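Novice: Got a predicted structure here, sequence first:
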Amino acid sequence: MRMRFFVAAALLLAAGAAFAADSAQLSVTVKETQILATPSALGTLVGVLAYGDKVTVLDQPASARKGWLKVKSSDGTLQGWVRAGDLTKRVVAMSAGSQAASQTASSGDVAAAGKGFNKEVEAQYSQDQKLDYTWVDIMQGDKEEKKEFKVSPQQVAAFITAGGLNEGGAQ
Amino acid sequence: MKTIPPALPVISLMLILAGCGTLDTLKEAAAGNPSAIAQTVETGKQGVEVGQKVVQANKDFSPEEEYYIGRTVAATILTMYRPWDGPKANEYLNTLGLSLALAAVPPNPYKGYHFLIMDTDDINAFGAPSGFVLVSRGLLRCASSEDEVASILAHEIGHVSLKHGMSAISSARRTDALLAIAKFAASNSGVGMLSDLTASFGGVIGDIVKTMVSSGYSRDQEKQADLEAIRILHDVGYDPQALVRVLTVMKTKLKPDGKAFAKTHPAPDTRISYLKDAIKAQAAMPAASAAQVKSRQMRYLAALQKI
């Protein structure tokens, strides 16, 4: 009996440790992502996280929807729902010069961040090869006059509903 | 990029799917490179310090670096194919594509997925790194419903999310590039190093464009992208059979002497065959209501009827 208890306790501890490690910290892997009050593109905006920001995953309530995670920002000021696909377990070096980078990253990380293939390399390559990026900028929605490439999460949500589709896959 | 033969009609229908094989390969590359790089550098001037930087910060290209790679791959392909400036069609493609991307294998690209139509009768499509998806008018004409357009986009999203473009970078090129990045990061000024870094960047772009435009992804990667496409379609609520229908139409439109396509892709019949088996294995899905089907068809026709 006692032996069994210890085994069970050990299993529980191991499970708890695995959960803790698993839920420890995730990094934002996209340029920026929104924290929303509810797990929906239509949820109220709580705040915005930037590339490289760290978040802690909170216990997932019953209202959790596939594709969303309830998180808390590393400084504890923001709490809400983020698209799971915008987060990664991998440690992402922050862009050099970003406020978050100067506050929280080690100097080594900051030195390395943003010094690889970046805007300057693209500019140099563009000049060497006479390569035009105009339509790449357009397709990623960076040109104000080309609204067709600036599709909002709300437009996508409406499109999904009207077509009888599942957001982020079946629940 | 000028060394790439312009616009080989690699009718690539690089239809999509995700696979463990590729992910494993990537993991291996990520795990294997740092030590190899560190060894190489050890005897060099900056030695251990640079090696450590590689290990710590650059085990692989960062999502931000992949974004700059994807931008340049897309810009290069757009020197071979002109963009199609149709606002309604492009807006529809982006809305549909983003709806599908919500079910893609994570993580999401640095600035998300983006879709653009190429102005060519060639049957072709490209899923460039970091979510830059280009689809030809010729390929869109192989579809006659929203579900079928979705099957084309889902295949490309598969190539992107499974990082097939990034896997086209040769290991020597990858090592060289990560080393150039590490040296640059370790230097205080970086003066004089931009040209080295830009040369490495050009090599990486060359590998990816050559694979995407001329030699094609592996047959296994095409199958992975196909299987990922029907997984996405099923999860989002589109008919996975739509991909089979597109391939059937494509078969009648492909020229028998389409050398590049024949060389780089499994025959449509082969793909249809494994897709039928895979679709049979999927769970039954609730049928869309008549109103929903009509809504999809109306918006599809409004956007792409004249493509």
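Specialist: Received it, and whenever you're ready, just let me know what you need.
Novice: Going along the chain, name the helices of chain B.
Specialist: B:20-42, B:47-57, B:63-77, B:87-101, B:137-140, B:146-161, B:171-186, B:194-209, B:219-236, B:241-253, B:259-264, B:268-280, B:290-304 (DSSP state H).
Novice: got those helices as CSV, with mean pLDDT and distance to chain A columns?
Specialist: (Glycine included, C-beta is placed from N, CA and C.) Shown next, in CSV, are these (pLDDT from 0 to 100; distance: least, C-beta to the nearest C-beta, whole Å):
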stretch, mean pLDDT, distance to chain A
helix B:20-42, 38, 9
helix B:47-57, 46, 4
helix B:63-77, 97, 4
helix B:87-101, 98, 4
helix B:137-140, 95, 15
helix B:146-161, 98, 7
helix B:171-186, 89, 4
helix B:194-209, 95, 4
helix B:219-236, 96, 3
helix B:241-253, 94, 13
helix B:259-264, 56, 23
helix B:268-280, 96, 16
helix B:290-304, 96, 3
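Novice: Tell me which of those sits most buried.
Specialist: Per residue and on average, the most neighbours among the helices of chain B fall to helix B:146-161, with a mean of 29 (mean count of other C-beta atoms under 10 Å in any protein chain shown).
Novice: Report the angle between that one and helix B:290-304.
Specialist: Helix B:146-161 and helix B:290-304 are oriented at 70 degrees to each other (axes from the mean of the first three to the mean of the last three C-alpha atoms, to 10 degrees).
Novice: What are the buried residues along stretch A:53-71?
Specialist: Neighbour-count burial for stretch A:53-71, counted by 16 or more other C-beta atoms under 10 Å in any protein chain shown, picks out A:53-55, A:57, A:67-71.
Novice: ok, is that stretch in contact with chain B or not?
Specialist: Yes - Stretch A:53-71 lies within reach of chain B by C-beta under 8 Å from any C-beta of the partner chain, at A:Gly67.
Novice: how long is that stretch from one end to the other?
Specialist: 12 Å (C-alpha to C-alpha, to the nearest Å).
Novice: Provide a list of residues in contact with A:Ile131.
Specialist: Slight slip there: residue A:131 is Leu, not Ile. Taking C-beta atoms under 8 Å, 6 or more residues apart in numbering or on different chains, we find A:Leu131 in contact with A:125, B:1, B:72, B:75-76, B:79.
Novice: So it lies in a strand, does it not?
Specialist: No - assessed with DSSP: H, G, I helix; E, B strand; the rest coil, A:Leu131 is coil; it does not lie in a strand.
Novice: starting at the chain centroid, how far to stretch B:78-95?
Specialist: Taking C-alpha atoms, centre = their mean, to the nearest Å, one finds stretch B:78-95 lying 17 Å from the centre of the chain it belongs to.
Novice: Give me the contacts around it.
Specialist: A:131-132, A:135-136, A:138-139, A:146-149, A:151, A:155-156, A:159, B:1, B:6-7, B:114-120, B:122, B:124, B:134-137, B:149, B:153, B:213, B:299-300, B:302-304, B:307.
Novice: Next step: those restricted to strands.
Specialist: If you go by DSSP state E, the contacts of stretch B:78-95 have B:114-118, B:134-136 in strands.
Novice: Compile those into CSV and extend it with columns for neighbour count, distance to B:Ser62 and pLDDT.
Specialist: Putting the ones in strands among the contacts of stretch B:78-95 into CSV (neighbours: other C-beta atoms under 10 Å in any protein chain shown; distance: C-beta to C-beta, whole Å; pLDDT from 0 to 100) gives the following:
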residue, neighbour count, distance to B:Ser62, pLDDT
B:His114, 28, 19, 98
B:Phe115, 26, 24, 98
B:Leu116, 26, 24, 98
B:Ile117, 24, 30, 98
B:Met118, 22, 29, 97
B:Leu134, 26, 24, 97
B:Val135, 27, 27, 97
B:Ser136, 26, 31, 95
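Novice: ok so, going back, which of the buried residues of stretch A:53-71 sits closest to chain B?
Specialist: Proximity of these to chain B (C-beta to the nearest C-beta) peaks at A:Gly67, which lies at 6.5 Å.
Novice: what pLDDT does the closest one get?
Specialist: A:Gly67 carries a pLDDT value of 89.
Novice: End to end on stretch B:100-108, go ahead and measure it.
Specialist: End-to-end distance (C-alpha to C-alpha), stretch B:100-108: 12 Å.
Novice: how near is A:Gly157 to chain B?
Specialist: In this structure residue A:157 is Ala, not Gly. Note on A:Ala157: its distance to chain B, by C-beta to the nearest C-beta, to the nearest Å, is 9 Å.
Novice: show me what contacts that residue?
Specialist: Counted by C-beta under 8 Å, 6+ apart, A:Ala157 has contacts A:40-42, A:167.
Novice: Give me the pLDDT for it.
Specialist: A:Ala157 is given a pLDDT of 94.
Novice: Name the helix or strand for A:Leu49, please.
Specialist: strand A:45-50 (DSSP states H and E).
Novice: In chain A, what residue spans correspond to helices?
Specialist: Here chain A has its helices, by DSSP H, at A:2-23, A:99-104, A:107-112, A:119-129, A:134-139, A:153-162.
Novice: Would you mark the buried spots in the fifth one?
Specialist: Right, helix A:134-139. A:135-136, A:138-139.
Novice: Farthest-apart pair in these, please.
Specialist: A:Val136 and A:Ile138 (7.2 Å; C-beta to C-beta).
Novice: got the contact list for the nearest residue to A:Tyr125 once chain neighbours are set aside?
Specialist: Among residues not flanking A:Tyr125 along the chain, B:Thr198 sits closest, at 5.2 Å (C-beta to C-beta, 6 or more residues apart in numbering or on different chains). For B:Thr198, the contact set (C-beta under 8 Å, 6+ apart) comprises A:121, A:124-125, A:128.
Novice: Keeping just the C-alphas, turn stretch B:65-76 into CSV.
Specialist: C-alpha atoms of stretch B:65-76 as CSV (Å, rounded to 0.1, in the frame of the first residue of the first chain):
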residue,chain,number,x,y,z
GLU,B,65,15.7,35.9,-41.1
GLU,B,66,13.4,33.5,-42.7
TYR,B,67,11.0,36.4,-43.4
TYR,B,68,13.8,38.3,-45.2
ILE,B,69,14.7,35.2,-47.2
GLY,B,70,11.0,34.7,-48.2
ARG,B,71,10.7,38.3,-49.3
THR,B,72,13.6,38.0,-51.6
VAL,B,73,12.5,34.6,-53.0
ALA,B,74,9.1,36.1,-53.8
ALA,B,75,10.7,39.2,-55.4
THR,B,76,12.9,37.0,-57.5
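Novice: rewinding a little: which one of the contacts of A:Leu131 is nearest B:Gly192?
Specialist: Closest to B:Gly192, out of all of these and judged by C-beta to C-beta, is A:Tyr125, at 16.6 Å.
Novice: Find me the pLDDT at that closest one, would you?
Specialist: A:Tyr125 carries a pLDDT value of 97.
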